[in-house]
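# sharing a sequence plus its predicted fold:
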Amino acid sequence: MIKHTSYLSLLSIILVMTSCGGGSSSTSSKKNGASNVEETIEKVAIPTTVSLEIESNDLMQFNLDKLEVIEGQTVTLTLKHTGQMSVDVMGHNWVLLATGTDVATFGSAAVAAKATGYIPQNMTEEVIAYTETIGGGEETSITFEAPKAGYYTFICSFPGHYGVMQGSFVSSPR
C-alpha cells in the first residue's frame, strides 16, 4: 500500500510540474525544436553529384546487382573489366534502359549492332545512358543525369550477356 501511495504521489508531482510553467517556455521550446530540425535538414543536404563504380569479369558477371542514386544527380559511372579476355571475345558495356523496355527484345537486337557498340540504332529511345564496350583490364566512364524517380534495369548488351549481366538501378525522389 505504501508503494502504491508513493507511486501516486510521484505521478501527481510530475503532472503538476509539467502542467505548470507557463506558455512562454513551452512556445520557446517548440521554436527551438523547429530550429534544430531546420539545422539538421541543412546538414543532410543531398549531394548534386555521385560517383559509382561497377566491375565486370570473364565469367559474364557484374559485381553489383543494384545501384542507387537520387533523381537529378549528376552520375559518373565507371565500368571496370577485371578479366583478361579481349573485347572481341568477352567485351562488356553498361547500358541503362528506360522504364518499360523489354530486356530480351533489346538484347536480341543488340547482337546485330556491333558497329554501334551493341546499341541498336532503332532502339536508342530505350537507352538512358551507356558506356563503350571494353575488354579485360580496361575501364571506361560516363557522366549522365539520374532519371526521374523509379526503378530501371541495367544490362551488358554484348551478344548473349544480357540474360545474366543485369541489375536494378534505383533512382529515389529528392
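That came through fine. Numbering: from 1, shown residues only.
# Tyr118 touches Asn93, doesn't it?
Yes. Contact between Tyr118 and Asn93 holds when scored by CB atoms under 8 Å: they sit 6.3 Å apart. Every C-beta, even on glycine, is put in place using the N, C-alpha and C of the backbone.
# anything in contact with each of those two?
Listed as contacting both Tyr118 and Asn93 by CB atoms under 8 Å, 6 or more residues apart in numbering are Thr133, Ser157, Phe158.
# now distance to Ala149 and secondary structure too, for those residues, in JSON lines please.
As requested, the shared contacts of Tyr118 and Asn93 are arranged in JSON lines below (distance: CB to CB, whole Å; DSSP: H, G, I helix; E, B strand; the rest coil):
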{"residue": "Thr133", "distance to Ala149": "29", "secondary structure": "coil"}
{"residue": "Ser157", "distance to Ala149": "25", "secondary structure": "coil"}
{"residue": "Phe158", "distance to Ala149": "29", "secondary structure": "coil"}
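# in this protein, which residue is closest to the centre?
Glu68 (0.9 Å; CA atoms, centre = their mean).
# so, low pLDDT: which residues of the chain?
1-43 (pLDDT under 70).
# ranges for the helices of it?
Along the chain, the segments classed as helices by DSSP state H run 2-19, 22-43, 87-90, 103-110.
# circling back to that earlier point, closest one of the shared contacts of Tyr118 and Asn93 to Gly72?
For these, the residue nearest Gly72 by CB to CB is Ser157; the value is 25.7 Å.
# contacting residues around the closest one?
Asn93, Val95, Phe106, Gly107, Ala110, Ala113, Tyr118, Ile119, Tyr130.
# now with 6 Å?
Shown in contact with Ser157 (CB atoms under 6 Å, 6 or more residues apart in numbering): Asn93, Val95, Ala110, Tyr118.
# can I get those residues in a markdown table with neighbour count and distance to Thr49?
Below are the contacts of Ser157 laid out as a markdown table (neighbours: other CB atoms under 10 Å; distance: CB to CB, whole Å):
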| residue | neighbour count | distance to Thr49 |
| --- | --- | --- |
| Asn93 | 25 | 22 |
| Val95 | 28 | 21 |
| Ala110 | 25 | 29 |
| Tyr118 | 27 | 28 |
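# farthest-separated two in those residues?
Among those, Asn93 and Ala110 lie farthest apart (CB to CB), at 9.3 Å.
# looking at it, Pro120 is touching Gly107, isn't it?
No. If you go by CB atoms under 6 Å, Pro120 and Gly107 don't touch, sitting 9.6 Å apart.
# comparing those two, which shows the higher neighbour count?
Set side by side, Pro120 and Gly107 show more neighbours around Gly107, with 24 against 19, by other CB atoms under 10 Å.
# nearest spatial neighbour of the more buried one, chain-adjacent residues omitted?
Excluding its sequence neighbours, the residue lying closest to Gly107 (CB to CB, 6 or more residues apart in numbering) is Tyr162, at 3.4 Å.
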